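1. Need coordinates for the below:
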Amino acid sequence: MKKKLMKSFRWSAAFLALIVLLVASGCGGSGNTDTLEAIKKRGKLVAGVKYDTKLFGLQDPATGNVEGFDIDIAKALAKKILGDETKVELKEVTSKTRIDMLKNGDIDIIIATMTITEERKQQVDFSDVYFEAGQSLLVKKGSPITGLESLNKDTKVLTVKGSTSAQNIREKAPDAVILEFENYQDAFTALKAGQGDALTTDNSILLGMQQQDPSFELVGGNFTDEPYGMAIKKGNPEFVKTVNELLKELKDSGEYNKLYEQWMGVKPE
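-> Alright, predicted model coming up:
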C-alpha cells in the first residue's frame, strides 16, 4: 500500500512539474513578452518604417539617413519611453512585409503609412489615427486620365503589393490592368519609364512623388478614406496606451501641427 502511495505521489509530482514547465514556456517562449517592458529593458525602440516614401520615410542614398514624418513620430515615441529620441533603431518595412515582421518580433511597432482596416485589426492592434489620407491617382501632366472614370481595359495602373490601394483600385476600376510592385519607388520608376498610365496610392505619398518630379500631377481627387495608425503586436494594451498618450501630447503641445506643416507643406485640417 505504502509503495502504491509513493508511486502515485511521484507520478503526481512529475505531472505537476510538467504542467508548470508547459505554463512557464507558454508565457516566456511564445513571443508574448510585454513589448513595452522589452523596449525599456533593451534600452532601444525598434520601429518598422518605410525607406522609399518621400515625406514619411525616405532614405538619402548619400548619407544613409532616413527622414520623414513617420521617422519624427518614431523619435518622439523613443523619447517618451526612454527619455532620448536617439534611442530608436529604424528597420525598413514594405506594405508586404511589415505585419509579418511585427508578428515575428523583428520590430516593436509599425509606423509606415499603414491604413487602419477591419481586416488588419484581426492581426494587429492599432493606435489612434495619426494621419488622415485618401487614395488618388498620379499621372503625367497632359495625360487623358482625369480620374477613376477614365480607367478602362486599356489602362495600366501601377500600385504596391500588400497595400489597401491595390485592393481598392481593383474594386473601383475592375476593367483596368493592375501591375503591382514591391515598393513605391519601384512603382514610380516604372511610371516614369512609361510602363503604366497611372500610379495609385494615398494622396500624401503621391504628393511626395510629385515633389520629386513636377512633371507629374494628382488627378480626380480622393476616392477613399485612408486613416493611418501605428500597429502593435496583439496583447500589449499598455504599449497601445503609451502610443496614444504620445499622440495626445504632441497634439496638445502643438508639436504635431509643426511636424505636419514641416513635412506636408500645409497645416492639418
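
2. so what's Thr164 up against?
-> Taking C-beta atoms under 8 Å, 6 or more residues apart in numbering as the contact definition, Thr164 lies against 115, 117, 135, 224, 226. Yep, even glycine has a C-beta here, placed from its N, CA and C like the rest.

3. The fourth one falls within a strand, correct?
-> No. With DSSP: H, G, I helix; E, B strand; the rest coil as the criterion, Thr224 is located in coil rather than a strand.

4. CA atoms of the lengthiest strand in the chain as PDB?
-> Secondary structure assigned by DSSP state E gives strand 125-133 as the longest strand of the chain. C-alpha atoms of strand 125-133 as PDB (Å, rounded to 0.1, in the frame of the first residue of the first chain):
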ATOM      1  CA  ASP A 125      -3.700  46.300 -32.600                       C
ATOM      2  CA  PHE A 126      -3.700  49.900 -33.800                       C
ATOM      3  CA  SER A 127      -3.100  53.200 -32.200                       C
ATOM      4  CA  ASP A 128      -5.500  56.100 -32.600                       C
ATOM      5  CA  VAL A 129      -5.400  57.700 -36.100                       C
ATOM      6  CA  TYR A 130      -2.200  59.800 -36.500                       C
ATOM      7  CA  PHE A 131      -2.700  60.900 -40.100                       C
ATOM      8  CA  GLU A 132      -5.700  61.200 -42.400                       C
ATOM      9  CA  ALA A 133      -5.100  60.400 -46.100                       C
END
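
5. For it, what is the distance to the chain centroid?
-> 10 Å (C-alpha atoms, centre = their mean, to the nearest Å).

6. What pairs with that strand, parallel or antiparallel?
-> Sheet pairing of strand 125-133 (DSSP bridges) gives strand 226-232 (antiparallel).

7. Show me what the strand it pairs with is in contact with.
-> So strand 226-232 is in contact with 35, 73, 98-99, 102, 108-111, 113-116, 120, 124-135, 164, 202, 239-240, 243, going by C-beta under 8 Å, 6+ apart.

8. Dig out what Val49 forms beta bridges with.
-> With DSSP bridges as the rule, Val49 is bridged to Glu92.

9. and it, how far is that from Val266?
-> 22 Å (C-beta to C-beta, to the nearest Å).

10. One more: Lys153?
-> 37 Å.

11. Output whichever strand or helix holds Glu89 in PDB with nothing but the alpha carbons.
-> Glu89 is part of strand 88-92, with elements assigned from DSSP states H and E. The C-alpha trace of strand 88-92 is given here as PDB (Å, rounded to 0.1, in the frame of the first residue of the first chain):
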ATOM      1  CA  VAL A  88      15.500  54.300 -31.800                       C
ATOM      2  CA  GLU A  89      16.500  51.700 -34.400                       C
ATOM      3  CA  LEU A  90      14.800  52.100 -37.800                       C
ATOM      4  CA  LYS A  91      14.200  48.900 -39.800                       C
ATOM      5  CA  GLU A  92      12.900  49.000 -43.300                       C
END
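
12. I'd like to know which elements that strand is packed against.
-> Judged by 3 or more C-beta pairs under 8 Å, 6 or more residues apart in numbering; DSSP states H and E, strand 88-92 is in contact with strand 45-49, helix 69-82.

13. Burial check on the residue lying closest to Lys234 once chain neighbours are set aside, number of neighbours?
-> Counting by C-beta to C-beta, 6 or more residues apart in numbering, Lys234 lies nearest to Asp125, which is 5.4 Å off, once chain neighbours are set aside. A count of nearby residues for Asp125, using other C-beta atoms under 10 Å, gives 18.
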